[in-house]
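A.B. asks: Got a sequence here, can you build the structure:
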Amino acid sequence: MVLSTMPVGEYDRRVVILTKEQGKISAFAKGSRRPNSPLVGAVNPFSFGTFTMYEGRSSYTIQSADISNYFAELRSDMIGAYYGFYFLEFADYYTKEFNDEREMLKLLYQTMRALINPHIPNRLIRYIFELKALTVNGQGPQVFQCVTCGNKDRPAVFSAAKGGLVCSECDRDVIDGMILDNSTLYSMQYIESSSIEKLYTFTVTDKVMDELGRIMGRLMEIYVNKRFKSLEILETLL
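C.D. replies: Reported below is the predicted structural model:
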């Protein structure tokens, strides 16, 4: 999937693509800014498909592209598009070259599909994406048992600073504990444990949505701690 593109010279583009085989790579799309170029529509953000390229001494060059989904619906939905740009920017920040990024690519694709589904709130899509991305990266919070002692039965609070649930026997030094609605906890458990294909199959109440928002805001501060330009623009639109 194309994560970003920028003009180079008079007719070319530099494209960042998230791939199954090579993780995140940069490639040049020569002549792609010419109106008659076969790559003119293929190297835009959101384009998902198969890219044929060759490796030069210092960079890749795209020869052709077979795009299976442009997610063109986002062009007429400014709010949805900026959510999409945020997810792309997040993936660009989080992924690496020559790394196995198949799960993140799959997550991006399913998330874009959810964005063009009118039955799933965009806010929920955002929180699901963020939590699953942290989980894919090995940073998902412990939501099944106490992070300190492993107890699954005692009442517990959620602490972003501690990395998950902390039971009533272990919470003496917790300063950011949140008592979660059972539906919020179940939602987090489902997001972390489900396959990516089954992520976007539920909705939540306003109360659960607000709790998820507070939790993800805190987790993002701790584990990502970056301001994304697309998210800043999105927040001015909402």
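
A.B. asks: Quick check: closest non-adjacent residue to S68.
C.D. replies: G49 (4.6 Å; CB to CB, 6 or more residues apart in numbering). Every C-beta, even on glycine, is put in place using the N, C-alpha and C of the backbone.

A.B. asks: what comes up buried for the helix or strand containing the one you found?
C.D. replies: Assigned by DSSP states H and E, G49 belongs to strand 48-55. The neighbour-count criterion (16 or more other CB atoms under 10 Å) identifies F48, F51, M53 as the buried residues of strand 48-55.

A.B. asks: before we move on, what about stretch 114-126?
C.D. replies: Buried-residue list, stretch 114-126, by 16+ other CB under 10 Å: A114, L115, I120, N122, R123, L124, I125, R126.

A.B. asks: picking that back up, the residue nearest to S68 and G213, how far apart?
C.D. replies: Remark: distance between G49 and G213 (CB to CB, to the nearest Å) = 33 Å.

A.B. asks: same check, this time on G164
C.D. replies: 18 Å.

A.B. asks: Also Q139?
C.D. replies: For Q139, the distance to G213 - CB to CB - is 18 Å.

A.B. asks: and if you look at N137?
C.D. replies: Relative to G213, and taking CB to CB, N137 is found at 20 Å.

A.B. asks: do the same with P141
C.D. replies: 15 Å.

A.B. asks: higher neighbour count, the two?
C.D. replies: Neighbours were tallied for P141 and for G213 using other CB atoms under 10 Å; the higher tally belongs to P141 (23 against 14).

A.B. asks: for that one, phi and psi?
C.D. replies: phi -70, psi 160 (degrees, to the nearest 10).

A.B. asks: now L115
C.D. replies: The phi/psi pair for L115 (degrees, to the nearest 10) is phi -60, psi -30.

A.B. asks: Repeat that for the one 10 residues further on.
C.D. replies: Backbone geometry at I125, expressed as degrees, to the nearest 10, gives phi -60, psi -40.

A.B. asks: And for D210?
C.D. replies: phi -70, psi -40.

A.B. asks: per-residue confidence for it?
C.D. replies: At D210, the pLDDT value in this model is 97.

A.B. asks: again with R113
C.D. replies: pLDDT, read off for R113, is 97.

A.B. asks: for the one 4 residues further on, same thing?
C.D. replies: According to the predicted model, the pLDDT of N117 comes to 94.
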